Structures are given as C-alpha cells and as structure tokens.
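# Any chance you can model this:
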Amino acid sequence: MENIVGTDKVIGVLGAGQLGKMLVVAAAPWDLNLHMLDPSEVAPAAHLCSRFVQGDFRDKQTVLDFSEDCDVITIEIEQVNVDALEEVEAAGKIVHPRPAALRIIQDKGLQKNFFREQGLPTADYQFFDGPEALRAAGVTFPCVQKKRTEGYDGRGVKILREAADLQDLLPGPCLVEDAVDVVMELAVIAARNSSGQVVTYDPVEMSFHPEANLVEFLAAPARISPELAREARALAEKTIQAFDLCGLLAVELFVDQQGQLLINEVAPRPHNSGHHSIEACVCSQYQQHLRAILDLPLGNSSLRQPGVMTNLLGEPGVSGPVRYEGVDDVLSTPGAYLHLYGKTETRPFRKMGHVTVCHADLETAITLSRSLQSTLKATI
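This is a model prediction of the structure:
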C-alpha cells in the first residue's frame, strides 16, 4: 500500500480505551492521523486522537458511517460489528485484522475449532447450548466453562471444581474445557504485515488475580528454558500465519506438567501482555501494530532489559470517582514507569493503569514490582 506516514490519510480505530490511548501516543512521533469510535465520551483516548466520534462500534450503520473517511481501519477491542467491517473490506478499504479472522476469534467455540483444524495444540473441549444442557450432560471436574461470545478481561470464564458449581453457571452457549494441570501461563505477541514479514516478542509469564481472573502481573522474559521460549515463539508465528492476519496477535499459552504448550486463546490487537514493551523493548507493541497494519517494515522486538508489569486494578468493594494512593512510591523508584489510563470512575477490579519496572536483573524487577503493587491503589 501507499506509505501514509506523515500525511493527511486516516487510520480509523474502533475503540478508544486504554489500548487506544497508548496507540495514539505511539502514533504521535510519526504524525499519524488517528480517528477513533467509542461509546463513551470520556474514553481514555477521546481527547488525544485527531478526531473522536462517540458511537456504538457494535452498530453496523455507525461503523459504516465512521469508516467512510478512513483509509485503514483497525480495532482495539474485539466486540465490534464484523458485518460492517466485511462491507468496508468489500468496498476496497484496508481492514486489519481481516474480518473473516475476527469473526472466528470473536466466538471462542469457532476459535477452538480453528485451532484443531489447523493442528494447533489446545485443551480438549465440548460445546453446550446453555447451562441446562451442561448440567444434563455431566462433566468431569475440575473443568472450565467459557461463554462463546462477549467474554473479556476475565469475564465469561468460570472454573468448575465440584458438582455444587453447576448450580451457578454462566448463561448462554458455552464450551467446557478439560482443566489443564498448568505449570505456567505464557503469552507471546506476534506481528505480521501484508508483505508477509513476521516478528515475535519474547514470551512473558503471567500471574492472574484469583478472584477477577485477569492478568495482574507479568514478567519478561519468562523464566523458561531457551528451547521452550523458541517453541512458544514458533507456535505464535504459526498461529498468526494460520489466521492470515495482519497487525498483532496475542497468543496466550498454557505450559502443562509435561512441558507441553497448549493455546488458551488469542486476541488480534495490542494486548495487556505487551504493555511492558513500551519501556522494555526496542519497538513497543503499539508502534509494531501501526507498522504492521500500514505494511511498513516491522520493528525490533528485542528486550532492552527485563521488564515486569503490574496492573493497577480498582479496589474490591469500591466504586466512585477515583483517587490514587502510592504514586510517590512509584515515581521515586528508579526504572519504574507509571501509566494511568484516565478513567474517572473506579470499580472493583477495573483496569485503571499499570506500572512497568525495568531492571538489568529480572528478580530485582520482580521484587520492586511486588513492593509497588502493595502500595499503589485506585480508591475513592
């Protein structure tokens, strides 16, 4: 495609949340023109992008109207209207990720079938029309129920440990996965441009909040063998190639007791597991996404130094106008970088920001991050 860096051509982004905010920051040095569509007038990126449109990215006509002035369309959230994106693509505009791939990824059932069809390793699973069908069929405990659609940030996932858990199931069509005896959870960010160049980032290891079931802590590089790291990166590359997808693909992985890798799920956009790349890597995931969707040469994904990221989550049981505690501790810690997302209201476990700590020694970075995690709070 024609190089659009530094011109008046428009990149349209569906969503203007914290990922969109960091995408705008990455775009600024190249004078890129980002237009964004989001339902919230106070979305984190609303006041930063070149043009903001308040509207529902799930509504077909809204997305069609928004796309009229755009030369390239991308996303920062999966829950968008794919029918509209297919029409936009058919009209000759560039859409990344491909709507056909996005349609598969939006449905975790189709995702799992795709993995199986492509020979990509994943846990065994079965489908159910809803809770009653699941209860009637019976399952082997422990297992994991996942809503086929609409799940994100830990929502739409329920661990079933015993028969009593069947009384409070997630509504709607779902899949149930065999529980994997997990040693570690990893993520690998892969990037691909239209010319076919692929770049992957070092695997990161992730820890999840036990109640909210979302990432609260990650370390890069993951503390795994070089052989397993190479295998994880190769699997991420194989996966983005299988989807024929341009842009970013975050590939979340389980490592089981036998040291085997299994794909948990994927996300076709900048991802929580790549936040550390802003400070820790030569090319951040946000700049990489822009390079990929514009078919520019992909950047160097190497780590400058180890990095540890902690999510700043809203305090349990607390809702209201946000107030931050412990900011001075972060700002006085060498190698610590604070990112506040600009959300005015805090809610339990809402992602309000993150902190990345970079240090030549990974274990030192982990210790510093754990300390800051205990003092930095989003409260009221």
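# Any stretches of the stretch 51-200 of the chain with poor pLDDT?
153 (pLDDT under 70).
# How are the strands of it distributed by residue range?
51-54, 72-75, 94-95, 125-128, 143-147, 157-160, 174-178, 182-192, 198-200 (DSSP state E, counting those that start in this stretch).
# just so I know, which of those lies nearest residue 247?
strand 72-75 (6.3 Å; Cβ to Cβ). Bear in mind the C-beta positions are built from the backbone N, C-alpha and C, glycine included.
# Could you list the buried residues of the closest one?
72-75 (16 or more other Cβ atoms under 10 Å).
# residues touching the residue nearest the centre of the chain, list them.
What sits nearest the mean C-alpha location of the chain, by Cα atoms, centre = their mean, is residue 271, with 2.7 Å. Contact partners of residue 271, counting by Cβ atoms under 8 Å, 6 or more residues apart in numbering, are 19, 187, 189, 248, 250, 285.
# Could I get the pLDDT score of it?
For residue 271, the model assigns a pLDDT of 96.
# Could you do the one 5 residues further on as well?
If you check residue 276, the pLDDT there is 98.
# Residue 222 should be in a helix, yeah?
No - when DSSP: H, G, I helix; E, B strand; the rest coil is applied, residue 222 is found to be coil, with no helix at that position.
# Distance of it relative to residue 354?
18 Å (Cβ to Cβ, to the nearest Å).
# Which single helix of the chain contains the most residues?
Assignment by DSSP state H gives helix 226-242 as the longest helix of the chain.
# Buried by neighbour count: which residues of the following helix or strand past that one qualify?
Following helix 226-242 in sequence order, the next helix or strand is strand 247-256 (DSSP states H and E). Within strand 247-256, the residues scored as buried using 16+ other Cβ under 10 Å are 247-255.
# Redo those residues as CSV? Include distance to residue 49 and pLDDT.
Formatted as CSV, the buried residues of strand 247-256 follow (distance: Cβ to Cβ, whole Å; pLDDT from 0 to 100):
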residue, distance to residue 49, pLDDT
247, 18, 98
248, 19, 98
249, 24, 98
250, 22, 98
251, 28, 98
252, 28, 97
253, 33, 98
254, 36, 97
255, 38, 97
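# hang on, residue 289 packs against residue 267?
No - between residue 289 and residue 267 there is no contact under Cβ atoms under 8 Å: 11.8 Å.
# Of these two, give the one with the bigger neighbour count.
Taking other Cβ atoms under 10 Å, residue 289 and residue 267 do not tie; residue 289 has more neighbours (27 against 21).
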